[in-house]
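J.: Below is the sequence, then the predicted model.
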There are 2 protein chains.
Amino acid sequence: RLVGELRSALAEKTLRGQRVLVTAGPTWEAIDPARGLSNHASGRQGFALAQACAEAGAEVLLVTGPTHEHTPPGVLRQDVISAEEMLAACLRALDPPVDIFIANAAVADHRPSHYSAEKLGKTEIPNPLPLRLNPDIVATVHQDPRRPRWIVAFAAATQDHLAMASAKARRKGADVIVANDITRNDMGMGAADNACSILQGERVLHIPRCSKIDLARHLLRHLSALFSRPGTESEDLHE
Amino acid sequence: RLVGELRSALAEKTLRGQRVLVTAGPTWEAIDPARGLSNHASGRQGFALAQACAEAGAEVLLVTGPTHEHTPPGVLRQDVISAEEMLAACLRALDPPVDIFIANAAVADHRPSHYSAEKLGKTEIPNPLPLRLNPDIVATVHQDPRRPRWIVAFAAATQDHLAMASAKARRKGADVIVANDITRNDMGMGAADNACSILQGERVLHIPRCSKIDLARHLLRHLSALFSRPGTESEDLHE
C-alpha cells in the first residue's frame, strides 16, 4: 500500500487536468431474475486502467459491469448491469466534456429479446433463445457531438487478432485499439496477467506479458506520449 | 475468527461420521471462450452449508461452480464450470458412499447446443440461440444405485414458491426441499441474507431471515433432528 502511494506520488502527472471515462467488466444481459447471458471478464484490467489514469493525475469516472474488484482510490465509480445501462451511463458522463474514453468493458453483443420479470420454469425458457443486438458503445460515443478527443477501444480475439482488431477500429471510430489475445488461459480475460498490442494508424506496439496494473501503466505512458504528439490529432484518422 | 473456532468447537457434532456432498454456486454454460449463459448465484449459501456441515463434524465434499467464496476450513473443495462437469463430479463423489447430498447449486437448466472453441464474431452468434437441456443432477443422483440416504434439494422461485418447490421435490426424488423466495433483492441469490421454508412430506417449517451462515446452521440442526427421527427414513417417501 505504501509502495503504491509512493509510486502514485512519484508518477509523472501526465494526465493532469484530463477527464477520463473508463468502462470495465462484463455486462449481464438478463433472461429473467436469475438467468442471463454474460462473459468471463473480471473487470481487473479496466480497474487497473482507471487506477493508472488516477495515478497520472486524471479525473477518472469508471463505469463498470458486475465485478468483485475494489474501486481504486481517487476514482469515481458507477455500477451498471446491462450494455444498455452502460451506454446510458457513458452518454451521461460526456457532460462535462471527456478528453479520453477508454472502452475496456467486455460488452455483450446481444441481449435476450424478451426479459421475464418472473423466473421462468425450465420448460418456459424459449428454445432457441431469440437475441437482440446491443448498441455499440464505442460507435455511439464516437458519433455523439460531444465525442471525446481520444477513444481507446479494446478488442479480444482468439485468432488472427491484430487483423480483427484493426477492422474493429475502423468500424467503430476508435483512435487507438488495444488488442488482446484471449486464447491463452494464463493471460487476459479472468487472469492476473495480460499482454497486448497497441494499434494506432499504421503503428503497432507490443506490450509483453506483465501484471494488469503494470500493463495499464505502460499503456497509459504510451497513450500520453501519443496524445501529446502534435501530428496525431484524432481528427486525422476520421477526416 | 476465534469466535468462529469456539462456536465450531462448542457445536454438537451431530453429523460426526457422516459423509456430506454439497453443491454450490452457479454453473457457466459456455457459448465460446468468452461468452456464456449463467445465473446470479454467488455460492455463498452453499459455502455456508458446507461450513455448517463441517462444524457439525461431517466429512464434507463441496462441488462448486465459479464463485469468489473462500473454502471453509475442513472442507474438501472441487471446482467445476458447467452442469455436466458438476454432475460428473457428484457421481464420482458417491464412492465411498455419501450419507447426505445437499444440492444447493443453481444449476443452469440449459446449455448452448454448440460450443465454439474460437471466439465468435458478433454476426457469427446463432440467433436465435439453440439450447439443449442439461442433465438434472438431483434426479440423476436419486436414480443412482449409490443414492445417498438423504437428498436435500433447493428451489428458487419468484412466485407461488412453496407449490413449485414441492412439485420439484416430487419430480426429482429429493427427501427434503428448501424453498427460497428470490423475488426480494435483499435476500437469497447474490444477497448476504436469506430466509427459507423447509418442506418434508406434509411438514413445512419456516426459517426467518438471517445471515446465510446462521440459516445454514439452523437448517442443519433441523435436518439432523429429522434424519435421526426413527419414523422418517428416506425410503418412506419413495416406497
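T.: That came in fine, so what should we check first?

J.: nearest spatial neighbour of the residue nearest to the spatial centre of chain A, skipping sequence neighbours?
T.: Centroid-nearest residue in chain A, with C-alpha atoms, centre = their mean: A:Asn104, separated by 1.2 Å. In space, not counting the residues next to it along the chain, A:Asn104 is nearest to A:Gly46; the distance is 3.9 Å by C-beta to C-beta, 6 or more residues apart in numbering or on different chains. The way it works is simple: take the backbone N, C-alpha and C, and place the C-beta from them, glycine included.

J.: what about that neighbour, distance to chain B?
T.: Distance, A:Gly46 to chain B, by C-beta to the nearest C-beta, to the nearest Å: 15 Å.

J.: A:Ala106 too?
T.: Applying C-beta to the nearest C-beta to A:Ala106 and chain B gives a distance of 7 Å.

J.: Which neighbouring elements make contact with the lengthiest helix in chain A?
T.: Identified as the longest helix of chain A according to DSSP state H is helix A:212-228. Applying 3 or more C-beta pairs under 8 Å, 6 or more residues apart in numbering or on different chains; DSSP states H and E, one finds that helix A:212-228 contacts helix A:44-55, strand A:150-157, strand A:176-181, strand A:193-200, strand A:203-211.

J.: where are the low-confidence patches of chain A?
T.: A:1-11, A:157-161, A:165, A:181-190, A:230-239 (pLDDT under 70).

J.: Report back the residue of it that's furthest from centre.
T.: Furthest out from the centre of chain A (C-alpha atoms, centre = their mean) sits A:Thr123, at 36.5 Å.

J.: distance of it from chain B?
T.: 9 Å.

J.: for that residue, phi and psi?
T.: Backbone torsions of A:Thr123, given as degrees, to the nearest 10, read phi -90, psi -10.

J.: now A:Ala24
T.: phi -150, psi 160.

J.: Surely it and A:Ala103 touch.
T.: No. Shown here, A:Ala24 and A:Ala103 do not form a contact pair, counting by C-beta atoms under 8 Å, at 9.5 Å.

J.: which parts of chain A sit against chain B?
T.: Residues of chain A lying near chain B by C-beta under 8 Å from any C-beta of the partner chain: A:31, A:33-41, A:68, A:106, A:108-110, A:117-119, A:121-122, A:125-131, A:133, A:156-159, A:164, A:182-183, A:189.

J.: Drop anything exposed from those residues.
T.: By neighbour count, with 16 or more other C-beta atoms under 10 Å in any protein chain shown, these hold A:31, A:33-41, A:106, A:108-110, A:119, A:125, A:129, A:131, A:156-158, A:164, A:182-183, A:189 as buried.

J.: okay but A:Ala139 is in contact with A:Gly173, surely?
T.: Yes. With contact defined as C-beta under 8 Å, A:Ala139 reaches A:Gly173; the gap is 6.2 Å.

J.: who has more neighbours, those two?
T.: More crowded of A:Ala139 and A:Gly173, by other C-beta atoms under 10 Å in any protein chain shown: A:Gly173, with 19 against 15.

J.: Once you drop chain neighbours, what's closest to the more buried one?
T.: Excluding the flanking residues, the one nearest A:Gly173 by C-beta to C-beta, 6+ apart is A:His142, at 3.3 Å.

J.: and that neighbour, helix, strand or coil?
T.: Under DSSP: H, G, I helix; E, B strand; the rest coil, the three-state class of A:His142 is helix.

J.: any idea how far it lies from A:Ala103?
T.: 10 Å (C-beta to C-beta, to the nearest Å).
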